[in-house]
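K.L.:
next one to model:
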Amino acid sequence: MVWFKNKNTEKSESTEAPSSALDQQLQFLGKSVDRYERIFRGSSHGYGFLDWDVKSGHLEWNGNLWANLGYGDSDMVHICDADKFMEYVHQDDRKKLTNAMHALLRGLGLGESTFRIRKKKGGHIWTEVRVDAVRDSKGWVEYISGIVFDVTRLKQTEQALLISEARHARIIQSSSDGIWEWSAEHGGFHFSSRCWEHLGYSEHDDNVNQGIDRVQAWRKRIHEDDLPTFDAALKHHIRNNEPFDIEYRILGKDEAWRWIRARGQMAYSEEGKATRMSGTNMDITEIKRAEERVIKSKEDAELANRAKSDFLSSMSHELRTPLNAILGFAQLFDMDTGLSPDQKSNVLEIKQAGEHLLQLVGDVLDLAKIESGRMGFSLEPVAPIRLLREVEMLLQAQAEFHQITLEIVTNSLEENAVVADAVRLKQILLNLVSNAVKYNRDGGTVTITVSKADGEMMRIAVCDTGKGIPEHQHKLLFQPFNRLGAEGTNIIGSGVGLVITKQLVEQMHGVIDFNSAVDVGSTFWVELPMYMGQPIEQLADQYDRITSELSSEIPDLAVSEEKRILYVEDNPPNQRLMKQLLVRYPNLHLDISGEPLRGIYLARTTRPDLIIMDINLPGMDGFETVEVLKQDVSTREIPVIALTANAMVHDIEKGKASGFDYYLTKPLDLKQLIEVFNDLLV
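P.N.:
Model (predicted):
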């Protein structure tokens with residue numbers, strides 16, 4: 001009983017041991033399966049796990065790859081069939097995938113390939129497959145297992161990078177800029193081939209590769225005057241983060257200097273260390289040459305302008321010197337009450353001819369001043385109707401001589417003003433109305449109409465009933481010295497009045513234009529900005545000043561005491577003119593010096609009350625002479641006036657800055673001189 005029991009017990013123990021081991025193996029396998037299933041579930045989103053039984057042609061799939069593409073369980077029957085699987089691969093990728101699988105079967109490498117799989121509702125995704133093969137004892141492949149995963153985003157990124165690189169390459173190619181880069185990591189400097197092409201080299205030109213690295217080859221060719229500037233700009237960029245943007249010269253292959261504009265930007269690590277610098281080179285040689293041509297042209301133009309100014313200054317002086325004697329003595333004769341009517345008429349002819357010549361000189365100088373931008377303007381509110389009344393008064397005698405009627409149509413704008421220079425506007429109106437009278441027909445009319453125009457402008461239109469201007473001559477009207485055939489008539493003119501008028505109007509922000517018809521007449525009009533500020537009554541003093549300029553009568557000398565005047569002048573006719581003028585004023589005693597050193601001596605010894613001085617003097621000019629007088633304690637308080645033929649703008653400005661109390665220009669205006677006497681000697 002016991003034995004049997006023991007026997008059974010032994011038998012039971014011997015049979016339970018193998019059963020327990022099997023259970024353990026089954027448990028281990030179950031746990032492994034559970035673990036792999038968890039792994040598959042955790043990583044199955046977008047992945048497909050493949051096990052291909054090559055002999056049966058069955059593909060076993062796990063993961064969510066196909067579900068994410070829109071396929072269901074019914075579709076998997078075809079997808080799991082190796083013969084039908086290629087239908088889901090993009091036709092352009094089938095050959096590539098087949099070749100990869102054949103290479104794996106032949107043992108030529110791992111099974112890796114990238115291809116596109118069709119989605120159920122259209123379109124494709126990019127996938128990458130990575131598989132390995134299980135072979136039998138004879139080396140034949142039994143199973144191919146691995147993973148297929150979605151790499152669409154990666155492919156899109158790669159394609160975007162390729163597109164971006166291609167775009168940048170096209171931009172760089174079209175811009176003709178060279179690219180360079182320095183890298184601390186690689187310890188080198190890269191120049192694109194375009195950098196060397198700027199110098200006339202190819203990238204592999206033997207003249208570039210002369211046993212030194214590219215950086216040294218480049219620096220060796222930079223102009224020695226520009227290399228320190230280049231290095232300083234680079235240092236300031238690295239240390240102070242200042243922009244690296246520099247232009248420098250570099251020697252080309254043809255031994256000619258080229259101009260390069262280099263721009264770059266340094267990149268730094270988190271620790272602040274310079275790691276990489278990238279930049280561009282632009283060939284600006286042609287731009288620099290164009291700049292040099294412009295500068296050369298500007299210098300030539302300035303030289304020509306200075307030559308023209310010097311010529312005009314010289315001509316003005318040479319013309320004004322004899323005019324001083326002509327008009328000065330004519331004024332003295334005109335003051336003589338003992339002349340017969342014929343003699344007075346002759347003197348009048350001399351004065352008119354001299355004044356016309358003086359007007360020609362003035363017109364040419366005015367034109368030169370305007371063209372050089374040195375014509376002074378003082379823009380202020382000006383009442384044009386009041387100026388027109390003054391112009392009417394000036395031209396009334398001339399109009400009556402030819403039986404021409406002058407009429408002003410105000411349109412109730414007497415109290416309205418424009419923004420202009422009062423003196424220049426009077427010059428403009430005088431020229432337009434004078435032309436309307438001169439080129440009119442006897443018994444005609446001149447109508448001056450003031451009206452409001454568009455854009456807060458005031459229009460002043462001067463209409464005549466003259467012969468008119470043929471249409472083919474309209475474009476010639478504002479050309480200097482072109483009188484449109486009137487030079488063959490007895491009408492006095494210079495041909496520059498309208499040119500000056502046009503430029504004066506435009507520099508006062510106005511416009512001028514005209515229309516004309518043959519045998520009907522012409523209308524010239526000027527438009528100027530209206531003044532929108534205070535009432536015109538507040539500007540009365542301004543017009544009183546303008547009106548006072550109209551008087552040409554020589555005022556009485558307001559000096560009754562004995563006064564001594566020193567005249568420093570080397571021209572004998574001018575000396576005689578001053579003598580004959582001051583003879584009329586017995587209380588004014590005149591001393592004359594023909595050269596400046598004697599003039600300084602007389603000023604120190606006689607202590608005159610007033611000194612009149614020419615500028616162009618022998619040995620020492622008037623500017624130097626007045627400087628000596630103003631530095632001497634004994635003469636510094638004596639007023640000094642300049643009386644000179646130097647009438648250019650820069651001459652007058654220099655005279656005012658040199659210590660002269662007045663700067664008068666020749667020909668001598670006796671009225672102006674007496675007014676100066678009354679100011680300085682009283």
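K.L.:
and Asn571, what is it in contact with?
P.N.:
Residues touching Asn571, when contacts are defined by Cβ atoms under 8 Å, 6 or more residues apart in numbering, comprise Thr321, Asp614. Every C-beta, even on glycine, is put in place using the N, C-alpha and C of the backbone.
K.L.:
please tell me how far it sits from Ala325.
P.N.:
Shown here: Asn571 relative to Ala325, a distance of 8 Å by Cβ to Cβ, to the nearest Å.
K.L.:
same thing with Thr605?
P.N.:
Relative to Ala325, Thr605 is positioned 30 Å away (Cβ to Cβ).
K.L.:
who has more neighbours out of these two?
P.N.:
Higher neighbour count among Thr605 and Ala325: Ala325, with 19 against 9, using other Cβ atoms under 10 Å.
K.L.:
element containing the more buried one, please.
P.N.:
Following DSSP states H and E, one finds Ala325 within helix 285-335.
K.L.:
ok, Glu158 next?
P.N.:
With elements delineated by DSSP H and E, Glu158 resides in helix 152-175, which encompasses its position.
K.L.:
strand partners (parallel or antiparallel) of the following helix or strand past that helix?
P.N.:
Following helix 152-175 in sequence order, the next helix or strand is strand 178-183 (DSSP H and E). For strand 178-183, sheet partners with direction are given as strand 188-191 (antiparallel), strand 274-283 (antiparallel), following DSSP bridges.
K.L.:
now, of those strands, which is deepest in the fold?
P.N.:
When you average the neighbours per residue for each of the strands paired with strand 178-183 (mean count of other Cβ atoms under 10 Å), strand 274-283 leads with a mean of 18.
K.L.:
what mean pLDDT does that one get?
P.N.:
Averaged across strand 274-283, the pLDDT comes to 88.
K.L.:
and stretch 330-339, by the same measure?
P.N.:
Averaging pLDDT along stretch 330-339 yields 79.
K.L.:
not counting that stretch itself, show me its contacts.
P.N.:
Stretch 330-339 is contacted from outside by 343-344, 347-348, 350-351, 354, 554, 577, 580-581, 584, 668, 670, using Cβ under 8 Å, 6+ apart.
K.L.:
same thing but at 7 Å, please
P.N.:
Residues external to stretch 330-339 that are found in contact with it (Cβ atoms under 7 Å, 6 or more residues apart in numbering): Val347, Ile350, Lys351, Gly354, Gln580, Leu581, Leu670.
K.L.:
sitting in helices, which of the residues you listed do you find?
P.N.:
Helix and strand membership here follows DSSP state H; of the contacts of stretch 330-339, those in helices are Val347, Ile350, Lys351, Gly354, Gln580, Leu581, Leu670.
K.L.:
so for the third one, what's the pLDDT?
P.N.:
The per-residue pLDDT reported for Lys351 equals 78.
K.L.:
can you give me the neighbour number for it?
P.N.:
Lys351 - counted by other Cβ under 10 Å - has 16 other residues nearby.
K.L.:
nearest spatial neighbour of it, skipping sequence neighbours?
P.N.:
Ala330 (4.6 Å; Cβ to Cβ, 6 or more residues apart in numbering).
K.L.:
ok, how many other residues are close to that neighbour?
P.N.:
Other residues near Ala330 number 21, with proximity taken as other Cβ under 10 Å.
K.L.:
what number of residues are in the vicinity of Val54?
P.N.:
17.
K.L.:
excluding its backbone neighbours, what's nearest it?
P.N.:
According to Cβ to Cβ, 6+ apart, the nearest residue to Val54 is Val141 (5.3 Å).
K.L.:
test my guess that the one you found contacts Leu105.
P.N.:
Yes. Counting by Cβ atoms under 7 Å, Val141 sits close enough to Leu105 to count as a contact (5.5 Å).
K.L.:
just to revisit the earlier point, with distance to Asp632 added, can I get the contacts of stretch 330-339 in a markdown table?
P.N.:
As requested, those are arranged in a markdown table below (distance: Cβ to Cβ, whole Å):
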| residue | distance to Asp632 |
| --- | --- |
| Val347 | 43 |
| Ile350 | 42 |
| Lys351 | 40 |
| Gly354 | 38 |
| Gln580 | 31 |
| Leu581 | 28 |
| Leu670 | 31 |
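K.L.:
just the buried ones among these, please.
P.N.:
For the contacts of stretch 330-339, a burial check counting by 16 or more other Cβ atoms under 10 Å picks out Val347, Ile350, Lys351, Gly354, Leu581, Leu670.
K.L.:
for the strand or helix carrying Phe49, list every residue counted as buried.
P.N.:
Per DSSP H and E: Phe49 is located in strand 47-53. By neighbour count, and taking 16+ other Cβ under 10 Å as the criterion, the buried residues in strand 47-53 are Tyr47, Gly48, Phe49, Leu50, Trp52.
K.L.:
I'd like to know which elements it is packed against.
P.N.:
Helices and strands touching strand 47-53, as assessed by 3 or more Cβ pairs under 7 Å, 6 or more residues apart in numbering; DSSP states H and E, comprise strand 58-62, helix 65-68, strand 141-150.
K.L.:
can you lay out the ones you listed as TSV showing mean neighbour count?
P.N.:
As requested, the helices and strands packed on strand 47-53 are exported to TSV (neighbours: other Cβ atoms under 10 Å):
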stretch	mean neighbour count
strand 58-62	15
helix 65-68	19
strand 141-150	17
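K.L.:
alright, calling it a day.
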